[in-house]
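> coordinates only, no sequence provided:
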């Protein structure tokens, strides 16, 4: 029932035109040309309605119904005044004359000098072009008034769209601009399934450095797995032998009881309930949910992007929202299970925190950015109806699934507790004085270095795709890097946890979470570097959106890596302490 409700909300606004959906047309079928947005080329989020500039407005205002992902991505598709029919050539056809007022001159001048570009869509194919240009000799502003379209088709399907904007016209007060367009259709042998390939930057995404980064990450994995194996098989071997054999049978004097030290000394405290249990359980649950969500999202993108491009029209955003709602059960289950196993009493609070810690944070940041976008009259703002739809999806799908997961996790946790309850001493053991190199902050800050090192090259490609208007399509690379990130995070956190316990400090729960979550800190620092040295973004609007978006991304990454690191350390701790017998 919940899944059906989610699909109803997500897809109730999908366009109903059969021809546009199956992309097959008969001769002379009309195909709408949708205008979307304009904005500074250097500021990808600073976009405005196409008709915010004095172009030829349509006689009848027709907006295309938007999906949830399109609305969240800032799409505003309006049918243009240009009438195009399948396989029908058009000579130069006038659109309308526009007499430039002082306001029009100012609008065009500001747009052209800010390097405004426009985006159209024809049969779901994007069309990009410049609003105008600045004269090199006279420094005057010129606007393109002619749009010459070349359409290529294969049988009954559109394959390619090109635009030539002709000679620009000067922008002068009182001058009449004559806008016009033409259409020419040409056959091609290119298949429909390959029509999007020309938008993909193969030289950039399949560069040799991409392969080298994967090799480098694999080497990090091999190194860390080897280190963890050495800890488990060699460093702990004698400790296990001492506790599993009778001491009288051991000839090695190194096994004397009085020589006990290190991690064995905290056997009665290692399972002690962590402080702020409800919050900690919520963070673990939310992070695990995001881990499953990202795995599903990347896998779906890898499997289906050729047949139904996941990078088109906000499809990936729609899928992310739907998957978040559906995977809420996972977050509730992990949170409820851990909370119950640690004898938590107020499970309702833990459940509410699990359901809200990620979406409420994202909503708060998005709402702040929304006010900025509205003040700029930008398309980047989220419509009120879309916000209501997202809240309803969370309220009637994600929240109940979190509740169901929490209840299921509590029952499973109760069964586990009845089977085996770990021993915890009545009073916590005093933690020995630490040397500077053993401080908790050093554990936390060092924990994220290797995970970040395994993904930083891929972060460059992802950032470039998102912030510099490129289509990301190498989801095979992304899936492999994601799996490497999970493995590196688990291994590096296990090593950190081992050294922490060996210093007779049993506060491993929060430390393991924070040390692996610190990966997000390094990603954010890299994002700051990327903003200043890899982009040419300017202005308050774009700066706030850049750091706001990166803050939300890094918060989700911190939850994900923190949960993965903790779960790996938890398995490690359980494994080594199950080998010893505590009186």
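Okay, I see it. These figures come from a predicted structure and were not determined experimentally.
> please pull out the lowest mean pLDDT helix or strand from this structure.
In the chain, no helix or strand scores lower on mean pLDDT, DSSP states H and E than helix 2-11, which sits at a mean of 46.
> list the buried residues of stretch 366-385.
366, 369-370, 372-373, 376, 378-382 (16 or more other Cβ atoms under 10 Å). For every residue, glycine as well, the C-beta is placed using N, CA and C.
> and those residues, which is closest to residue 508?
Within the buried residues of stretch 366-385, the smallest distance to residue 508 is 34.5 Å, found for residue 366 (Cβ to Cβ).
> helix or strand: which one has that closest one?
Using DSSP states H and E, residue 366 falls within helix 347-375.
> show me what that helix packs onto, helices and strands only.
Here helix 347-375 touches helix 277-304, helix 328-341, helix 399-419, helix 540-577, going by 3 or more Cβ pairs under 8 Å, 6 or more residues apart in numbering; DSSP states H and E.
> show the average pLDDT along the helix or strand just after it.
As assigned by DSSP H and E, the chain's next helix or strand after helix 347-375 is helix 384-393. Across helix 384-393, the average pLDDT comes to 93.
> going forward, count from 54.
OK, 54 is where the count begins now, so the last one is helix 437-446.
> report the distance from helix 437-446 to the chain centre.
Relative to the centre of its chain, helix 437-446 is centred 20 Å away, using Cα atoms, centre = their mean, to the nearest Å.
> tell me the buried residues in it?
Buried residues in helix 437-446, counted by 16+ other Cβ under 10 Å: 439-440, 442-443, 446.
> show me where the stretch 204-353 of the chain has its strands.
210-217, 221-223, 229-240 (DSSP state E, counting those that start in this stretch).
> relative to residue 496, which of the ones you listed is closest?
That would be strand 210-217 among those, by Cβ to Cβ, at 55.3 Å.
> could you list every helix and strand in contact with that closest one?
Using 3+ Cβ pairs under 8 Å, 6+ apart: strand 210-217 touches strand 169-175, strand 178-183, strand 199-207.
> show me the contact partners of it.
With Cβ atoms under 8 Å, 6 or more residues apart in numbering as the test, strand 210-217 has contacts from 76-78, 84, 139, 173, 175-176, 178, 180, 182, 200-206, 241, 243-245, 248, 251.
> now the residues you listed: which count as buried?
Neighbour counting by 16+ other Cβ under 10 Å classes 76, 78, 84, 139, 173, 175-176, 178, 180, 200-202, 204-206, 248 among the contacts of strand 210-217 as buried.
> farthest pair in those?
Using Cβ to Cβ, the buried ones among the contacts of strand 210-217 span at most 23.3 Å, a distance reached by 76 and 201.
> pLDDT value on residue 534, please?
Residue 534 is assigned 91 on the pLDDT scale.
> check residue 110 too.
Residue 110 carries a pLDDT value of 93.
> touching, it and residue 102? I think so.
No: contact criterion Cβ atoms under 8 Å: residue 110 and residue 102 do not qualify, at 10.8 Å.
> contact partners for residue 281?
544, 547-548.
> in helices, which of the residues you listed appear?
544, 547-548 (DSSP state H).
> save these as TSV, and put in pLDDT too.
Formatted as TSV, the ones in helices among the contacts of residue 281 follow (pLDDT from 0 to 100):
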residue	pLDDT
544	90
547	92
548	89
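> between the residues you listed, which is nearest residue 349?
Residue 349 lies nearest to residue 544 out of the ones in helices among the contacts of residue 281, by Cβ to Cβ, at 23.6 Å.
> now that closest one: how far from residue 550?
To residue 550, residue 544 is 11 Å away according to Cβ to Cβ, to the nearest Å.
> check residue 499 too.
For residue 499, the distance to residue 550 equals 12 Å [Cβ to Cβ].
> out of these two, which sits in the busier spot?
Applying other Cβ atoms under 10 Å to residue 499 and residue 550 shows that residue 550 carries more neighbours, namely 27 against 16.
> so the more buried one touches residue 623, yeah?
No: here residue 550 does not reach residue 623: they are 9.0 Å apart, not a contact under Cβ under 8 Å.
> pull up the overlap in contacts between those two.
residue 565.
> with neighbour count and distance to residue 594 as extra columns, can I get the ones in helices among the contacts of residue 281 in CSV?
As requested, those are exported to CSV (neighbours: other Cβ atoms under 10 Å; distance: Cβ to Cβ, whole Å):
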residue, neighbour count, distance to residue 594
544, 25, 42
547, 24, 44
548, 20, 43
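> ok, those residues vs residue 225, which is closest?
Using Cβ to Cβ, residue 544 comes nearest to residue 225 of the ones in helices among the contacts of residue 281, at 66.7 Å.
> that closest one and residue 280 touch, don't they?
Yes: counting by Cβ under 8 Å, residue 544 touches residue 280, with 7.1 Å between them.
> residue 223: what's it in contact with?
Applying Cβ under 8 Å, 6+ apart, we find residue 223 in contact with 193-195.
> I misspoke; the intended subject was residue 137.
Residue 137 touches 83-86, 143, 175, 202, 204, 236, counting by Cβ under 8 Å, 6+ apart.
> specify which member of those is nearest to residue 115.
Nearest member of the contacts of residue 137 to residue 115, counting by Cβ to Cβ, is residue 85, at 7.8 Å.
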